[in-house]
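*Asks:* From the sequence below, what's the structure:
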Amino acid sequence: MKKTIRLLGLLLMLAMLATLCACGAPKKEDAVVGTWRASWDCTEYFCNEVDEKAGIVEDTGLSVSDYITEPLKLDLILELGADRSAKFYSAQDSIEPLYNRMRPQIENYYKDILVAAIKTGLSQKGIDIPELNSVEDLEKALNMTLDEIMLNGFGTDFNGFMEENFSLQMFRDSLDVGKMTGSYRAVGKALQLTLDDVGDIPFDLVGDTLTLADGADADDPLFPLDFKRVG
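*Replies:* Next comes the predicted model:
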């Protein structure tokens, strides 16, 4: 009787092992299914974009990077579905707060550009004002407010000028990575994300951090990125 019980126990154990083997070990892709959020330091990228748009860095020696007082960080979202689909996009709720923090710094940058440009223009007409180094100096020298100067020279006040050169929509367009779609899969012991118009990007999960490494374009300012799970 005891032998029969032991035999039944052994058979039960073998049946359980067979079931486990049939199910297989959890796939590596399963561990990353969910929603992930990363913070992208876009300071250098953004400064290059603004300076290039202003187009007078070489003439004035002014760069917006000298006016930025804190790192510019934009949140990015990566959604990895159980069906191996992938979505990658900017977190829209992080764009406007970042813009509002930056707006005063960018205003100071454009004010100094305007002063430098007007000073150069006056100098070319033979009018030299050595003390002309700030908006306050400009207003005093011309006996006009900044808005009056802008209306006379540009047909708009300073706020209108800023809306033409640094509106929220322009800022959103310059930093929004769009909504990229693609897929992901295991490649050997590693994982690979494939996004439309970007290509293959290796990534891995270590602890609670999912890291996207440099992709096919090593100069892409987005990568590498460290994500944390948010869903």
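
*Asks:* I figured residue 99 hits residue 168, correct?
*Replies:* Yes: counting by CB atoms under 8 Å, residue 99 does reach residue 168; the two are 5.3 Å apart. (C-beta placed from N, C-alpha, C; glycine too.)

*Asks:* Now the host helix or strand of residue 46: buried residues?
*Replies:* According to DSSP states H and E, residue 46 maps onto helix 43-54. Across helix 43-54, burial judged by 16 or more other CB atoms under 10 Å covers 45-47, 49-51, 54.

*Asks:* Could you do stretch 74-84 as well?
*Replies:* So for stretch 74-84, counting by 16+ other CB under 10 Å, buried means 74-80.

*Asks:* So for residue 99 and residue 168, which residue has more residues nearby?
*Replies:* residue 99 (19 against 13; other CB atoms under 10 Å).

*Asks:* and the more buried one, how far is that from residue 72?
*Replies:* Distance, residue 99 to residue 72, using CB to CB, to the nearest Å: 10 Å.

*Asks:* what do you get for residue 42?
*Replies:* 5 Å.

*Asks:* about what we covered before: let me have the helix holding residue 46 in PDB, keeping just the CA atoms, if that works.
*Replies:* Extracted in PDB, the C-alpha atoms of helix 43-54 (Å, rounded to 0.1, in the frame of the first residue of the first chain):
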ATOM      1  CA  THR A  43      18.700  71.500 -23.100                       C
ATOM      2  CA  GLU A  44      21.400  71.200 -25.700                       C
ATOM      3  CA  TYR A  45      19.000  70.300 -28.500                       C
ATOM      4  CA  PHE A  46      16.700  73.100 -27.700                       C
ATOM      5  CA  CYS A  47      19.400  75.800 -27.400                       C
ATOM      6  CA  ASN A  48      20.800  74.700 -30.800                       C
ATOM      7  CA  GLU A  49      17.300  75.000 -32.300                       C
ATOM      8  CA  VAL A  50      16.700  78.500 -30.900                       C
ATOM      9  CA  ASP A  51      20.200  79.900 -31.800                       C
ATOM     10  CA  GLU A  52      19.800  78.500 -35.300                       C
ATOM     11  CA  LYS A  53      16.500  80.200 -35.700                       C
ATOM     12  CA  ALA A  54      17.800  83.500 -34.300                       C
END
